[in-house]
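Asker: I'd like to go over a predicted model; first the sequence, then the structure.
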Amino acid sequence: MKNFTSLEDVSDPLGLIKKAASHKRNPLADLELGKGKTLGLIFFNPSLRTRMSTIKAAQNLGMNVITLNTGNDSWSLETVEGVVMDQGNAEHIKEAAAVMGSYCDFLGIRSFPSLEDRDTDYQETLLKSFKKYANKPVISLESATLHPLQSLTDVLTIEDRKRKERPKVVLTWAPHIKALPQAVGNSFAQWINAMPYDFTIANPEGFDLSTEYTKNAKVMHDQNEALKGADFIYVKNWSSYENYGKVGKFHDWMIDQNKMKLTNQAYLMHCLPVRRNVVISDDTLDNEQSLVIEQAGNRVYAAQAVLSTLLENN
Amino acid sequence: MKNFTSLEDVSDPLGLIKKAASHKRNPLADLELGKGKTLGLIFFNPSLRTRMSTIKAAQNLGMNVITLNTGNDSWSLETVEGVVMDQGNAEHIKEAAAVMGSYCDFLGIRSFPSLEDRDTDYQETLLKSFKKYANKPVISLESATLHPLQSLTDVLTIEDRKRKERPKVVLTWAPHIKALPQAVGNSFAQWINAMPYDFTIANPEGFDLSTEYTKNAKVMHDQNEALKGADFIYVKNWSSYENYGKVGKFHDWMIDQNKMKLTNQAYLMHCLPVRRNVVISDDTLDNEQSLVIEQAGNRVYAAQAVLSTLLENN
Amino acid sequence: MKNFTSLEDVSDPLGLIKKAASHKRNPLADLELGKGKTLGLIFFNPSLRTRMSTIKAAQNLGMNVITLNTGNDSWSLETVEGVVMDQGNAEHIKEAAAVMGSYCDFLGIRSFPSLEDRDTDYQETLLKSFKKYANKPVISLESATLHPLQSLTDVLTIEDRKRKERPKVVLTWAPHIKALPQAVGNSFAQWINAMPYDFTIANPEGFDLSTEYTKNAKVMHDQNEALKGADFIYVKNWSSYENYGKVGKFHDWMIDQNKMKLTNQAYLMHCLPVRRNVVISDDTLDNEQSLVIEQAGNRVYAAQAVLSTLLENN
């Protein structure tokens, strides 16, 4: 593994999941592995879980961590090639990435999409520039289109909790008041497609995710129908991919206990943060079938598996 | 000790003070105690002394530290139960606290009052929610109503410097240009009441602190009278508790050398930051009787005593 | 060495350069030297390279690091003596420096000039106040007038790459859209004057640096003439010292390949960040003669030499 920015970077996904499970059983077993190594975490956008869990994972491996909030702590970066830099951006990604790479052994990058222009967002210019210029392994801390640390966590959680070999996993769109990225949905689809699960995606018409990630997954526009017999429900809002960035006002897609009754006593998953009583009802989040806190806790071990693999490979 | 958010959390205050004194004599004696343990510090408000001294204390015990500035680094939190979260707050404290708790062994929380509504502030909703949902020991880094790390420091400083068994300690209100919390005053009163000192509080009429914390302490509205014979003067502004949040314009309550002459060559204490020539005069702050820098330095050992006790107990 | 805020603080510059070169060869050789020691980094202005490289240097020596962004993380500071502090600044540098000094073994301070009043900037009030009140060694992370960590890096880079004993080093002004400090230029001149190099400074008329730092260096106002036969070109913009803070609009001073042809196949240096095609052309920055990334990488070893020297001396 050279980078961790997509499932496509991972040669052995099952091995990575097993490694995460092993770190979960014994988080401090490899406290010497990262000694003298430095993880740089560069945040172009805010972060709570990703920030804290990735720092914790690095500390569990004895690594040093340097965090940088672009904007607050430093400059804004230019990504266009050949431009005359006489406007707001004080530094080009070419220099910034190369310099950060020279100070760190691995670089984690968090960079959200604008949700204004689909082609621009899906080109992943910032992440690709870091991969091109940093000369060090790059870890996505959520990019414009994917969130692989979240998905690795999600699969680890399902593997931990599944009650049958081939559980029915339903990714369902749910309402939200703001335009959110498709990254978590895309990435979940990408990873679940690689697992031996029965996978269904439910979303309103006009809110299909890119087929680049959903591939052969069953996509349904009737939420109730999709939820039937589900063993796991993964709830997430995203803005429209087709009508790019459009917010969907389908309040009846909120997940509540009535919808949970349609399932096979499904476990509830969500990547957090979640707006209560907008995305999921209070009683559903507070129900014992909810795995959202356990799932967030697993973020540490997913990040730790990625870091320990990179430490062993690089 | 399960938490450290008030004197009431401390079963053995004298033992804790002794432990702080022991850390002061030999700060690095327990460098292995916190190995592999993580302290999360969550700042809802700015901090200099509390931030730096608590980080230093954790490092003296070999702990890892993760700091998070809410707002800059992450999201704003909802604390009301049962609300439909379709407004500004993107995450509920229920999830945020539980998740942060899962990443850290202890959580430090700094959260100031609004000074707009007394009942709301004195309910300490944010701090209580963290205690309820984090599933880990919670340390107050100054809450809406109390600042126990400061008070433990203050008592440590008095114990270090006292020239008699039962010194006269005077907490005196002093002027300030802005509405400040009552937290330091409340907390100082709470802790000093637990010590075998002669304790007097001096403040203008209309500026009495809550009797919940002042208890049986002598409260005087004549500053000069109160200062007579004092061995320690603890200077601090607070806005009104009665007329909640009101700023007091009593410039003649500033502490200067003339007032110090009324005392028994008292030591001067203040929690800092202090506005010079508004709260205390330059010559008084720069006088050798001033303990303000030594007192701030003691913050490290107070925090270290709390952390080492929690490490031993949890 | 008691502080590191100017070349004048350094008794043995060549020894310091050798130490930096030694850290570069073996960065982790002194991993135990800083054990239990704390470096405080106080940023009054944003920073990328200085922040990351100095943290990395401290970690290479096993030190703990506490970073503080004034403004975001804490308060703004008053530096004037004797003032009645009833305005915006909530704390005086006297207390802040003393307190920070009590929490840390060394303090790094970053503080840019206002570029509005030359006398005020060149008095270096903030840096001098820290040296006066912190009671601990102070390291400049770039002050109003000097940037010695950068200059030590620059000399290390030249020593590594020089192809003759007495290379011709040209510091050339180049255009920029904003008013920038003279600190890098001043500091480079100060250090290069201490080395056995052939040193020339090229800048437009009206943009001479202070003779306090340029001393006997040759100052030329014809850039092409100055570049002839250069072995190293150090490119940097600064606003006017004479007409204090004035921006120079001399676009023909941009460094491009035509200008590089005048040199003795010179190496290109710049402290970064650099605005491409404003200060230096794309093809010149991307040319193999450019040392800018290597130079930025050397920041770690310069900082490490300063820290290890302070650790040994204090």
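Answerer: Sure thing, it's come through. In this text, all values refer to a predicted model and were calculated from it rather than measured experimentally. Residues are numbered from 1 along each chain as shown, chains lettered A, B, ... in the order given.
Asker: So is stretch A:44-51 next to chain B?
Answerer: Yes. Counting by C-beta under 8 Å from any C-beta of the partner chain, chain B is contacted by stretch A:44-51 at A:46, A:47, A:48, A:49, A:51. For glycine as for every other residue, the C-beta is placed from the backbone atoms N, C-alpha and C.
Asker: Can you redo those residues as a markdown table, where the extra columns are secondary structure and neighbour count?
Answerer: Shown next, in a markdown table, are these (DSSP: H, G, I helix; E, B strand; the rest coil; neighbours: other C-beta atoms under 10 Å in any protein chain shown):
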| residue | secondary structure | neighbour count |
| --- | --- | --- |
| A:46 | coil | 18 |
| A:47 | coil | 23 |
| A:48 | coil | 24 |
| A:49 | helix | 27 |
| A:51 | helix | 24 |
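Asker: Show me which pair in these is furthest apart.
Answerer: A:46 and A:49 (10.9 Å; C-beta to C-beta).
Asker: Would you map the strands across chain A?
Answerer: Taking DSSP state E as the criterion, chain A contains strands spanning A:38-43, A:64-69, A:77-78, A:91-92, A:106-110, A:138-140, A:168-173, A:198-202, A:218-220, A:232-236, A:267-269.
Asker: Now the third one: average pLDDT?
Answerer: Per-residue confidence for strand A:77-78 averages out to 92 on the pLDDT scale.
Asker: Sheet-wise, list the partners of that strand with their directions.
Answerer: strand A:91-92 (parallel) (DSSP bridges).
Asker: for the first one, same thing?
Answerer: In the sheet containing strand A:38-43, its partner strands are strand A:64-69 (parallel), strand A:106-110 (parallel), by DSSP bridges.
Asker: what's the closest of those to residue C:213?
Answerer: Closest approach to residue C:213 among the strands paired with strand A:38-43 (C-beta to C-beta): strand A:64-69, 31.0 Å.
Asker: can you tell me the average pLDDT over the closest one?
Answerer: 94.
Asker: what comes into contact with it?
Answerer: A:36-43, A:51, A:55, A:58-59, A:74, A:100, A:103-104, B:72-73, C:48, C:51-52, C:55-56, C:59 (C-beta atoms under 8 Å, 6 or more residues apart in numbering or on different chains).
Asker: if I pick residue A:196, what's in contact with it?
Answerer: A:165, A:166.
Asker: any idea how far it lies from chain C?
Answerer: Counting by C-beta to the nearest C-beta, to the nearest Å, the gap from residue A:196 to chain C is 43 Å.
Asker: Give me every residue in the stretch 151-300 of chain A lying close to chain B.
Answerer: A:177, A:272-278, A:282, A:285-286, A:292-293, A:296-297, A:300.
Asker: Show me just the buried residues among those residues.
Answerer: Listed as buried from these are A:177, A:272-278, A:282, A:285, A:292-293, A:296-297, A:300; burial here means 16 or more other C-beta atoms under 10 Å in any protein chain shown.
Asker: Let's see which of these end up in helices.
Answerer: A:282, A:285, A:292, A:293, A:296, A:297, A:300 (DSSP state H).
Asker: Put together a markdown table for those, with pLDDT and distance to chain C on each row.
Answerer: Rendered in a markdown table, the data for these read as follows (pLDDT from 0 to 100; distance: C-beta to the nearest C-beta, whole Å):
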| residue | pLDDT | distance to chain C |
| --- | --- | --- |
| A:282 | 98 | 34 |
| A:285 | 98 | 32 |
| A:292 | 98 | 30 |
| A:293 | 98 | 29 |
| A:296 | 98 | 26 |
| A:297 | 98 | 27 |
| A:300 | 98 | 21 |
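Asker: Farthest pair within those?
Answerer: Using C-beta to C-beta, those span at most 26.7 Å, a distance reached by A:282 and A:300.
Asker: is it true that residue A:95 touches residue C:293?
Answerer: Yes. If you go by C-beta atoms under 8 Å, residue A:95 and residue C:293 touch, sitting 7.0 Å apart.
Asker: overlap in contacts of these two?
Answerer: When contacts are counted by C-beta under 8 Å, 6+ apart, residue A:95 and residue C:293 have no shared neighbour.
Asker: ok, of the buried ones among the residues of the stretch 151-300 of chain A next to chain B, which one's closest to residue C:23?
Answerer: residue A:300 (33.0 Å).
Asker: quick one: contacts for the closest one?
Answerer: By C-beta under 8 Å, 6+ apart, the residues touching residue A:300 are A:23, A:27, A:53, A:56, A:57, A:60, B:102, B:103.
Asker: repeat that with 6 Å
Answerer: A:53, A:56, A:57 (C-beta atoms under 6 Å, 6 or more residues apart in numbering or on different chains).
Asker: So what's the residue count around residue A:87?
Answerer: Counted by other C-beta atoms under 10 Å in any protein chain shown, the residues lying close to residue A:87 total 11.
Asker: For the residue nearest the centre of chain A, which residues are in contact?
Answerer: A centroid search over chain A (C-alpha atoms, centre = their mean) returns residue A:147, at 2.4 Å, as the residue closest to the centre. Going by C-beta under 6 Å, 6+ apart, residue A:147 touches A:183, A:184, A:187.
Asker: For it, give me the pLDDT.
Answerer: pLDDT, residue A:147: 98.
Asker: Domain map for chain A?
Answerer: Here the domain parsing of chain A from automatic domain parsing is A:7-146+A:298-313, A:150-296.
Asker: between those, which one is nearest to residue C:130?
Answerer: Among the domains of chain A, the nearest to residue C:130 by C-beta to C-beta is domain A:7-146+A:298-313 (20.5 Å).
Asker: Centre of the chain to the closest one, how far?
Answerer: 12 Å (C-alpha atoms, centre = their mean, to the nearest Å).
Asker: Any idea how far apart the tips of it sit?
Answerer: 17 Å (C-alpha to C-alpha, to the nearest Å).
Asker: And stretch A:119-133, by the same measure?
Answerer: From its first residue to its last, stretch A:119-133 covers 22 Å (C-alpha to C-alpha).
Asker: re the thing from before, for the contacts of residue A:300, pick the one with the most neighbours.
Answerer: Highest neighbour count within the contacts of residue A:300, by other C-beta under 10 Å: residue A:57, with 28 neighbours.
Asker: so what's that one scoring on pLDDT?
Answerer: The score at residue A:57 is 98. That number is its pLDDT.
Asker: dump the residue contacts of it.
Answerer: Counted by C-beta under 6 Å, 6+ apart, residue A:57 has contacts A:300, A:303, A:304, A:307.
Asker: neighbouring contacts of the helix-or-strand element of chain A with minimal mean pLDDT?
Answerer: When the helices and strands of chain A are scored by mean pLDDT, DSSP states H and E, strand A:77-78 comes last with a mean of 92. Residues outside strand A:77-78 that contact it (C-beta under 6 Å, 6+ apart) are A:85, A:89, A:91, A:92, A:93, A:96.
Asker: try 10 Å this time
Answerer: The contact list for strand A:77-78, computed with C-beta atoms under 10 Å, 6 or more residues apart in numbering or on different chains, reads A:42, A:44, A:70, A:85, A:87-97, A:111, A:126, A:129-130, C:48, C:273, C:275-276.
Asker: number of nearby residues for the closest residue to chain C within the stretch 101-250 of chain A?
Answerer: Going by C-beta to the nearest C-beta, chain C is nearest to residue A:102 of the stretch 101-250 of chain A, at 3.9 Å. Neighbour count of residue A:102, defined by other C-beta under 10 Å: 21.
Asker: Over to residue A:250?
Answerer: 15.
Asker: nearest residue to residue A:97 other than its sequence neighbours?
Answerer: residue A:133 (3.8 Å; C-beta to C-beta, 6 or more residues apart in numbering or on different chains).
Asker: Help me confirm that that neighbour comes into contact with residue A:98.
Answerer: Yes. Using C-beta atoms under 10 Å, residue A:133 is in contact with residue A:98, at 5.1 Å.
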